[in-house]
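*Asks:* give me a model of this one.
(2 chains)
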Protein chains: 2
Amino acid sequence: MKNPNKKNVSAIISASWIFTSGPEDQLLSDYAVVIENDKIIDLVSQKKVFDEYEANNNYQLNNHILIPGLINAHTHSAMSLFKGFADDLPLQDWLNNHIWPAEKEFVNSSFVKDGSILALSEMIKSGVTTFNDMYFFPDATAEAAKELEVRGNIGLVVLDFPTNYATDPEDYLVKGFEFRDKWRNEELITTSIAPHAPYSVSDEAFSLINTYSEELGINIHTHLHETQWEIEDSIDKYGITPIQRLNNLGIIGPSLVAAHCVHLNDQDMAILAKNKVNIVHNPSSNMKLGSGIADVAKMLKQNLNVSLGTDSSASNNRLDIMEEMRLAALISKGSSMLPESIPAKEAIKMATINGAKALGLDSEIGSIEKNKKADLVAIDLSTIENQPLYDPLTTFVYSSSRSDVSYVWINGKIKLMDKKLINMDEERIIQLAKKWQRKLKKI
Amino acid sequence: MKNPNKKNVSAIISASWIFTSGPEDQLLSDYAVVIENDKIIDLVSQKKVFDEYEANNNYQLNNHILIPGLINAHTHSAMSLFKGFADDLPLQDWLNNHIWPAEKEFVNSSFVKDGSILALSEMIKSGVTTFNDMYFFPDATAEAAKELEVRGNIGLVVLDFPTNYATDPEDYLVKGFEFRDKWRNEELITTSIAPHAPYSVSDEAFSLINTYSEELGINIHTHLHETQWEIEDSIDKYGITPIQRLNNLGIIGPSLVAAHCVHLNDQDMAILAKNKVNIVHNPSSNMKLGSGIADVAKMLKQNLNVSLGTDSSASNNRLDIMEEMRLAALISKGSSMLPESIPAKEAIKMATINGAKALGLDSEIGSIEKNKKADLVAIDLSTIENQPLYDPLTTFVYSSSRSDVSYVWINGKIKLMDKKLINMDEERIIQLAKKWQRKLKKI
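*Replies:* Numbering: from 1, shown residues only, chains lettered A, B, ... in the order given. Down below sits the predicted model:
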């Protein structure tokens, strides 16, 4: 029975703590988020919320912290089928003798669809609500995102050399734009142009991409300064670093989302800072591949927008932004020898609003604010591992784990409840992975 | 009904994979561990085990990897009540204005008992079966270990200055030896002498400790070269590094368990290697406090025995050796820029047999071998996060989490079953933590 004095809404989520990650970074106690359809329409104290609103779906999440959905700002979802396929190997051996031959033999639309389903189900379970992807067969990735209802920014990948997916830069772009046109009205899907890396894309292709990016107003997503080798190779071939080369080509600017940036000299750092480039820090992947440890504290001092990525399962083995958040804080403290470097709150912002800014989606997602999309995650801080609890933000960053993620909403829809995926058959997803495992194990 | 042709035993644990971490580091598929009372008495293929044995307790752990119990080789359990109490602060501020005043006001026997119960319950849930502790009121720590039936090597702490526990080095030692005598017949409890650190213990006290250690044949557990400050302070006061000073005092030797060793010059490293010192690497704590990143790859090249520790919850926020294992591998690869540095198998050995060697307990624990104690952990690798599964060792190290630990046995007794603590009331433990949280929050 409706009460005429109260507004009927889709859902009311009451949590012991809410961290807005918004302009004021508020940590609210005993507040509630009011959701109507896909949007957050209000943020009210629990004492008052039921005076103003009534909802069919009420969530009373005691001992939980509610945060904006986590944003995985650099990944290759489909590669989750390569998780644990080849570990602890020197980079060239890993690429030449394992990953590239397997990609050549196995990667097709069906591989990408199944791999993306596996990846996205892992991401939802760890509180990721938006992923920024780059891989072949983007149609298949978008289908997985649509099926699982996860927000995805999908890269139109471009390479100089042929793969199972396309033959040359023009072919990649034609296929990319076909994909873009087909999916342009899909609410959860956006796109960027994704030239793979400076060492795999020619000047001509970069120039073409720059023109398209400006004309269409879409972001560019690339790997940049990931390894020392990449920089030395560029200096050998072009006489300048990749950042300097891309700057000359007009690619360096606020529309660029640059993954890694592990090695930066002062001039490179200055170019990125001046041009307000968005950097995606991938601590696990950079360490696991032996690429190095990025100086994030220095980037933040230059007011660079730094977000977090897992990279793919082939180089990280867990699509877990909570782990990247903790690691970003820890390795910055460890390498700068300053324990105050990247405090918990800053790490959470990297995993939320900074990711939204990188993707140009910060008017829609990345914080808990009125009129933003209802992408939300609740983490259970009631367990032994999270006791005692003096500060919910540091407990979340330093003590809790993805296994404490108990509720996830994307675009107002509940995707995880009581730690169980909604409308997804976990056993079927596991069997999908096992099917590919049997095929790939033969290599 | 007993079958006269079969030996009746306490338990048979059958697992899809068993990693022995023994002399041959075997990874066995479809094997079973046979337990009689507190001991492993056999390791047999699943096909044959029931021809030879019958047990009242049979565990059929499909999709699980069974490993030796993890060893937390450096911790201060009771400090779990300070978990999240003060984070992200410069070291001196953290110590002078937060940790030390709180220790002065609150640390007593009851604090240590309750804090240790909280810590040990967290450790069991993350697969730790042995802890190497150093703190005040060791009686209370031992009581917690006895109550929870966890294997503990407990330090007889020595400091130059007075605390709530003792007044001067002699008083610490007298209390320590009283403790040792009282607990010497307790099966799960062993002891070491634990001079706190070079900067907090005088030459005289170290010399006395060295004599006792030699006479009694017990190990010495200390903090060593944790921070740059410690080394500079020693050079100021003694003209030499702490390692050189302790070497002159006879402390440096195979009985020494040295936590941290973050900063080592070539001479220091040579002294440790020549004297077969046991190093405990604490990656999370060293990074979180801004101490630095230890060069573990170099230590391993010198054939030093390196094990893993969480340090206390005050500087780490999670007593999770699986996380330290993953971090040890990742940060070694990242800082050496060699992805082959510390492969998964080596990381597991650091967390098991190397810890046992450090504590002088490697004839009893640290590997799955006949006649060793049945300290065992089973990790569930069936979840989405662990798919696909090409190599159970890398999946365990890089993809799985403490939340995947589903069974734990210590000294033949089951302590965790289906992820639930046995004979421990989790809610009571959480309430213990909350009781102290309310007291400490006032500060």
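
*Asks:* chain B contacts on the stretch 151-300 of chain A?
*Replies:* A:228, A:284, A:286-293 (Cβ under 8 Å from any Cβ of the partner chain). C-betas here are computed from N, CA, C, even on glycine.

*Asks:* which of these fall in helices?
*Replies:* Those of these mapping onto helices are A:228, A:284, A:286-288, per DSSP state H.

*Asks:* quick check on the residues of the stretch 151-300 of chain A next to chain B: which are buried?
*Replies:* A:284, A:286-293 (16 or more other Cβ atoms under 10 Å in any protein chain shown).

*Asks:* now residue A:300: which helix or strand?
*Replies:* helix A:296-301 (DSSP states H and E).

*Asks:* and that helix, what does it pack onto?
*Replies:* Applying 3 or more Cβ pairs under 8 Å, 6 or more residues apart in numbering or on different chains; DSSP states H and E, we find helix A:296-301 packed against helix A:266-274, strand A:278-281, strand A:305-308, helix A:321-336.

*Asks:* can you pull out the strands in the stretch 301-443 of chain A?
*Replies:* A:305-308, A:376-380, A:405-410, A:413-417, A:420-421 (DSSP state E, counting those that start in this stretch).

*Asks:* Throw the ones you listed into JSON lines and include distance to residue A:70 and mean neighbour count, thanks.
*Replies:* Converted to JSON lines, the strands of the stretch 301-443 of chain A look like this (distance: least, Cβ to Cβ, whole Å; neighbours: other Cβ atoms under 10 Å in any protein chain shown):
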{"stretch": "strand A:305-308", "distance to residue A:70": "8", "mean neighbour count": "27"}
{"stretch": "strand A:376-380", "distance to residue A:70": "6", "mean neighbour count": "25"}
{"stretch": "strand A:405-410", "distance to residue A:70": "9", "mean neighbour count": "24"}
{"stretch": "strand A:413-417", "distance to residue A:70": "12", "mean neighbour count": "19"}
{"stretch": "strand A:420-421", "distance to residue A:70": "16", "mean neighbour count": "14"}
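
*Asks:* which stretch among these comes nearest chain B?
*Replies:* Smallest distance to chain B across the strands of the stretch 301-443 of chain A (Cβ to the nearest Cβ): 8.5 Å, for strand A:420-421.

*Asks:* average pLDDT for the closest one?
*Replies:* Strand A:420-421 shows a mean pLDDT of 98.

*Asks:* that one pairs with which strands?
*Replies:* Counting by DSSP bridges, the strands paired with strand A:420-421 are strand A:413-417 (antiparallel).

*Asks:* what about the partner strand, distance to the chain center?
*Replies:* Relative to its chain's centre, strand A:413-417 lies at 19 Å (Cα atoms, centre = their mean, to the nearest Å).

*Asks:* with just CA atoms, put it into PDB.
*Replies:* Extracted in PDB, the C-alpha atoms of strand A:413-417 (Å, rounded to 0.1, in the frame of the first residue of the first chain):
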ATOM      1  CA  LYS A 413      20.500  -3.500 -11.000                       C
ATOM      2  CA  ILE A 414      21.700  -5.900  -8.300                       C
ATOM      3  CA  LYS A 415      24.400  -8.200  -9.700                       C
ATOM      4  CA  LEU A 416      25.800  -9.800  -6.500                       C
ATOM      5  CA  MET A 417      23.700 -10.500  -3.300                       C
END
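
*Asks:* report the angle between it and strand A:376-380.
*Replies:* With axes from the mean of the first three to the mean of the last three Cα atoms, to 10 degrees applied, the angle from strand A:413-417 to strand A:376-380 works out at 20 degrees.

*Asks:* which residues does strand A:413-417 contact?
*Replies:* Contact partners of strand A:413-417, identified using Cβ atoms under 8 Å, 6 or more residues apart in numbering or on different chains, comprise A:11, A:38, A:57, A:124-125, A:129, A:148-150, A:405-409, A:421-422.

*Asks:* give me every residue that touches the residue positioned nearest the centre of chain A.
*Replies:* The residue lying closest to the centre of chain A (Cα atoms, centre = their mean) is residue A:72, at 1.1 Å. By Cβ under 8 Å, 6+ apart, residue A:72 lies in contact with A:123, A:128, A:130-132, A:308-310, A:319, A:321, A:355.

*Asks:* could you rerun that using 6 Å?
*Replies:* Shown in contact with residue A:72 (Cβ atoms under 6 Å, 6 or more residues apart in numbering or on different chains): A:128, A:131, A:309-310, A:321.

*Asks:* got the strands of the stretch 301-443 of chain A as JSON lines, with distance to residue B:174 columns?
*Replies:* Below are those laid out as JSON lines (distance: least, Cβ to Cβ, whole Å):
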{"stretch": "strand A:305-308", "distance to residue B:174": "52"}
{"stretch": "strand A:376-380", "distance to residue B:174": "46"}
{"stretch": "strand A:405-410", "distance to residue B:174": "50"}
{"stretch": "strand A:413-417", "distance to residue B:174": "56"}
{"stretch": "strand A:420-421", "distance to residue B:174": "56"}
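
*Asks:* so which of these gets nearest residue A:389?
*Replies:* Ranking these by their distance to residue A:389 (criterion: Cβ to Cβ) puts strand A:376-380 first, at 11.5 Å.

*Asks:* adjacent strands (with direction) for that closest one?
*Replies:* Strand A:376-380 has these strand partners (DSSP bridges): strand A:53-68 (antiparallel), strand A:405-410 (antiparallel).

*Asks:* is it possible to get a markdown table of those that adds distance to residue B:108?
*Replies:* Converted to a markdown table, those look like this (distance: least, Cβ to Cβ, whole Å):
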| stretch | distance to residue B:108 |
| --- | --- |
| strand A:53-68 | 28 |
| strand A:405-410 | 36 |
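
*Asks:* those strands: which one's closest to residue A:172?
*Replies:* Of all the strands paired with strand A:376-380, strand A:405-410 sits nearest to residue A:172, with 29.1 Å by Cβ to Cβ.

*Asks:* pull out the CA atoms of the closest one and give them to me as PDB.
*Replies:* In PDB, the C-alpha atoms belonging to strand A:405-410 read as follows (Å, rounded to 0.1, in the frame of the first residue of the first chain):
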ATOM      1  CA  VAL A 405      32.400  -8.000  -1.200                       C
ATOM      2  CA  SER A 406      28.800  -9.000  -0.600                       C
ATOM      3  CA  TYR A 407      26.600  -6.800  -2.700                       C
ATOM      4  CA  VAL A 408      27.100  -5.200  -6.100                       C
ATOM      5  CA  TRP A 409      24.800  -3.000  -8.200                       C
ATOM      6  CA  ILE A 410      25.400  -1.800 -11.700                       C
END
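
*Asks:* got the angle for it vs helix A:321-336?
*Replies:* 110 degrees.

*Asks:* which other residues reach strand A:405-410?
*Replies:* A:124, A:126-127, A:129, A:149, A:374-380, A:415-417, A:419.

*Asks:* helices of the stretch 51-200 of chain A, start to end?
*Replies:* Remark: helices assigned in the stretch 51-200 of chain A by DSSP state H, counting those that start in this stretch are A:91-94, A:100-106, A:109-125, A:138-148, A:169-183.
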